[in-house]
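# Sharing a model that was predicted from the sequence below.
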Amino acid sequence: MTIKEQFEQTMLSGGSIQSFVNENRELTVYYSTPAGENEEGKQMLYLMTDNAGAVYLPVFTEQKECEDFFIRIGRRNFVGLQNSLKNLLDTLDTNEMLEELGVLIDQEVPIPMKVRVK
């Protein structure tokens, strides 16, 4: 079952985003830093937004998907990082700017800002 299917099943069964995060606390995710260089060497933020203006750090459940994503969008010299979902969310809370981020898992599962493992 994909992470999207797990998320949908949780929501359809009356669960919450919080319960999904708690249940998947040990999920291994792959990501990179929010800032980096594009192909022309210009510094950019590599974050995603939704229609409501929420800002997300893109994370992936497969390392290759993460690498392919950053190559496809023209990011160069990125560092691939690996962590559990819990540790990543905890890390976001260590910085004033990062704590305003949610995470977007596999470009399909949005975890809004301030939703953390409890």
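Right, received. Where do you want to start?
# Stretch 86-100: which residues count as buried?
Counting neighbours by 16 or more other CB atoms under 10 Å, one finds that the buried residues in stretch 86-100 are 86, 88-89, 92. Heads up, the C-betas are built off the backbone N, CA and C, glycines and all.
# Let me see the ranges of the helices in this protein.
Taking DSSP state H, the helices of the chain run over residues 3-12, 17-23, 63-72, 85-92.
# Give the other helices and strands that the second one contacts.
For helix 17-23, the contact count by 3 or more CB pairs under 8 Å, 6 or more residues apart in numbering; DSSP states H and E identifies helix 3-12, strand 109-111 as packing neighbours.
# So what touches the longest one?
Contact partners of helix 3-12, identified using CB atoms under 8 Å, 6 or more residues apart in numbering, comprise 1, 16-17, 19-20, 23-24, 27, 61, 105-106, 108-109.
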